[in-house]
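> output the structure for:
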Amino acid sequence: MRPLAHLAADPARSRGRLHGAPGGASRGPRDAFQRDRDRIVHSIPFRRLRHKTQVFVAPDGDHFRVRLTHSLEVAQIGRTLARALGLNEDLTEALCLAHDIGHPPFGHSGEDALTEAMAEAGGFDHNAQTLRLLTRLESPYPTHRGLNLSWETLEGLAKHNGPVAAPLPWALAEANEEWDLALDTWPSLEAQVAAIADDIAYDNHDIDDGLRSGLFTLEELLEVPLAARVWAGVRGRYSDLPDARLTPELVRDQIGLMVNDVLVETQLRAAGFGSIEEVRAAGRPLAGFSNALAAEEKALKTFLHARMYNAAPVAEIRRHAQQIVTGLWSAYSADPSRLPPGWQPRGGDRIATLRAIGDFIAGMTDRYAIHQYREVVGPVELPEGF
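Numbers count the residues shown, from 1 in each chain. Got it, this is the predicted structure:
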């Protein structure tokens with residue numbers, strides 16, 4: 001396998017940062033993308049991911065994934081892919097670690113409720129909120145807003161799922177107006193690898209969490225052709241061991257199968273491309289699954305949606321979670337003075353006020369949202385039992 005180093009993002013050729021570095025500051029022997037990764041890891045929004053829902057509400061069960069552990073698993077897979085392909089590992093890792101920073105409490109359930117609540121103010125989109133957080137809201141530096149990440153990192157976060165067509169989510173349009181992120185082109189291979197690493201991670205850790213929670217059984221999972229194919233190989237190697245000992249091996253083998261497929265397919269698709277500029281102008285993704293595995297992976301996702309994401313116990317928690325987000329929105333929008341002093345916008349502009357309320361709620365962890373609901377709205381209890 002020939003590494004694609006000639007298509008890798010080069011930190012020495014970065015388009016730079018929006019704000020220049022102050023003179024006299026010494027931050028050690030790190031390049032631009034290493035700095036980006038470290039700024040993300042040291043940020044408050046990244047730390048909050050440890051108490052934000054992946055599938056199950058974060059307080060419910062110590063062994064289930066949350067947004068933080070999911071992001072770490074994505075980063076591990078992303079680095080493996082980037083290293084094998086000869087891409088920039090640090091940029092890939094930065095994108096993997098930050099890709100979910102914009103998620104509100106309670107995962108997609110919270111996002112759905114916040115999107116509906118913020119309709120008058122342009123709605124809510126967690127990818128756009130990631131850019132808003134990193135360029136405006138998280139401001140640990142004395143002379144400018146945001147983390148001042150490199151163009152390549154912001155570009156990769158804005159469009160890791162591909163080009164973004166108009167109309168843009170308002171938060172993304174705001175970031176793009178400040179610094180053109182070429183939203184109509186494909187991103188770097190590092191961003192494309194981060195996106196497929198996200199799919200690989202949640203496909204497989206959701207199998208693990210789904211089995212652990214009892215939402216589905218191994219027998220039901222093996223109705224999925226991909227899982228059955230991988231399980232046959234596992235059983236062939238360990239025919240004398242009980243099933244319970246082998247389900248982690250199923251997950252490991254399936255991750256390995258997916259990673260190897262992406263490596264081969266990406267090499268094939270990228271053959272003949274000579275520069276990052278050609279990657280951006282390709283008009284299609286160059287990193288991804290083969291057609292055959294993509295079809296199998298789609299069937300796995302269909303199973304997970306039916307048996308896990310939309311399972312009755314999860315739906316019941318989702319209902320309570322959306323009640324919390326909607327209730328908080330109603331309380332703060334009815335009386336914005338209930339917002340903490342640092343979150344109250346100046347000038348009395350209604351849209352700015354609604355967006356500030358959205359920013360405040362989106363930044364909450366699950367447990368803080370529950371606490372605030374009890375403080376400003378009233379009692380609430382979430383069902384437990386996974």
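> show me the helices in the stretch 51-200 of the chain, by range?
Per DSSP state H, counting those that start in this stretch, the stretch 51-200 of the chain carries helices over the ranges 67-85, 89-98, 107-117, 126-132, 151-158, 170-178, 189-213.
> most neighbours per residue, which of the ones you listed?
helix 89-98 (a mean of 29; mean count of other C-beta atoms under 10 Å). For the C-beta atoms, the positions are set from N, CA and C on the backbone; glycine is no exception.
> and that helix, what does it pack onto?
Using 3 or more C-beta pairs under 8 Å, 6 or more residues apart in numbering; DSSP states H and E, the elements in contact with helix 89-98 are helix 32-41, helix 67-85, helix 151-158, helix 189-213.
> right, and the ones you listed - which one's nearest residue 274?
helix 189-213 (12.9 Å; C-beta to C-beta).
> and the helix or strand following the closest one, what's buried?
Proceeding N to C from helix 189-213, the next assigned helix or strand is helix 218-221, under DSSP states H and E. By 16 or more other C-beta atoms under 10 Å, the buried positions in helix 218-221 come out as residue 221.
> now do helix 218-221, average pLDDT.
In this model, helix 218-221 has a mean pLDDT of 97.
> what's the next helix or strand after it in contact with?
As assigned by DSSP H and E, the chain's next helix or strand after helix 218-221 is helix 225-237. Residues from elsewhere that reach helix 225-237 (C-beta atoms under 8 Å, 6 or more residues apart in numbering): 207, 221-222, 246, 249-250, 253-254, 257, 293, 296-297, 299-300.
> can you list the helices of the stretch 51-200 of the chain in TSV and add distance to residue 282 and mean pLDDT?
Output for the helices of the stretch 51-200 of the chain, formatted as TSV (distance: least, C-beta to C-beta, whole Å; pLDDT from 0 to 100):
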stretch	distance to residue 282	mean pLDDT
helix 67-85	16	97
helix 89-98	18	98
helix 107-117	30	95
helix 126-132	21	98
helix 151-158	15	98
helix 170-178	21	97
helix 189-213	10	96
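> nearest to residue 138, out of these?
Of the helices of the stretch 51-200 of the chain, nearest to residue 138 by C-beta to C-beta is helix 126-132, at 9.4 Å.
> just to revisit the earlier point, so among the contacts of helix 225-237, which ones count as buried?
Buried subset of those (neighbour count, 16+ other C-beta under 10 Å): 207, 221-222, 246, 249-250, 253-254, 257, 293, 296-297, 300.
> dump those residues into CSV; add secondary structure and distance to residue 64 as well.
Supplementary listing: the buried ones among the contacts of helix 225-237 in CSV, determined by DSSP: H, G, I helix; E, B strand; the rest coil; distance: C-beta to C-beta, whole Å:
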residue, secondary structure, distance to residue 64
207, helix, 13
221, helix, 17
222, coil, 22
246, helix, 21
249, helix, 20
250, helix, 18
253, helix, 22
254, helix, 19
257, helix, 24
293, helix, 27
296, helix, 25
297, helix, 22
300, helix, 19
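> now those in TSV, with distance to residue 49?
Listed next are the buried ones among the contacts of helix 225-237 as TSV, based on distance: C-beta to C-beta, whole Å:
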residue	distance to residue 49
207	21
221	27
222	32
246	31
249	28
250	27
253	28
254	25
257	28
293	29
296	30
297	25
300	25
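> grab the nearest non-local neighbour of the residue positioned nearest the centre of the chain.
The chain has residue 100 as the residue nearest its centroid, 2.9 Å off, counting by C-alpha atoms, centre = their mean. Nearest residue to residue 100, sequence neighbours excluded (C-beta to C-beta, 6 or more residues apart in numbering): residue 67, at 5.2 Å.
> need the contact list for the one you found.
49, 50, 52, 53, 54, 100, 103, 107.
> which pLDDT value belongs to the second one?
At residue 50 the predicted local distance difference test score is 93.
> what about it, neighbour count?
Each residue near residue 50 was counted by other C-beta atoms under 10 Å, and the total is 13.
> over to residue 295?
12.
> export the helix or strand that contains it to CSV, keeping only CA atoms.
Using DSSP H and E, residue 295 sits within helix 291-304. Provided in CSV are the C-alpha atoms of helix 291-304 (Å, rounded to 0.1, in the frame of the first residue of the first chain):
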residue,chain,number,x,y,z
ASN,A,291,-19.9,-0.3,-2.3
ALA,A,292,-20.3,-3.9,-0.9
LEU,A,293,-19.4,-3.0,2.6
ALA,A,294,-21.4,0.3,2.5
ALA,A,295,-24.5,-1.8,1.7
GLU,A,296,-23.8,-4.1,4.6
GLU,A,297,-23.1,-1.2,7.0
LYS,A,298,-26.4,0.4,5.9
ALA,A,299,-28.3,-2.7,6.9
LEU,A,300,-26.5,-2.7,10.3
LYS,A,301,-27.6,0.9,10.8
THR,A,302,-31.2,0.0,10.0
PHE,A,303,-31.1,-2.7,12.7
LEU,A,304,-29.6,-0.3,15.3
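> and of the buried ones among the contacts of helix 225-237, the nearest to residue 157?
The closest of the buried ones among the contacts of helix 225-237, once distances to residue 157 are taken by C-beta to C-beta, is residue 297, at 23.3 Å.
> surely the closest one meets residue 203?
Yes. Using C-beta atoms under 8 Å, residue 297 is in contact with residue 203, at 6.5 Å.
> okay, and the common contacts of the two?
With C-beta under 8 Å, 6+ apart, residue 297 and residue 203 have common neighbours residue 258.
> and the pLDDT for the residue lying closest to residue 6 once chain neighbours are set aside?
Distances taken as C-beta to C-beta, 6+ apart put residue 274 closest to residue 6, at 6.9 Å, once the chain neighbours are dropped. For residue 274, the pLDDT comes out at 95.
> related to what we said a few turns ago, to residue 11, which of the helices and strands packed on helix 89-98 lies closest?
helix 32-41 (4.2 Å).
> helix or strand next in line after whatever helix or strand residue 354 lives in, which one?
Taking DSSP H and E as the criterion, residue 354 maps to helix 350-362. Toward the C-terminus, helix 350-362 is succeeded by helix 366-376 as the next helix or strand (DSSP H and E).
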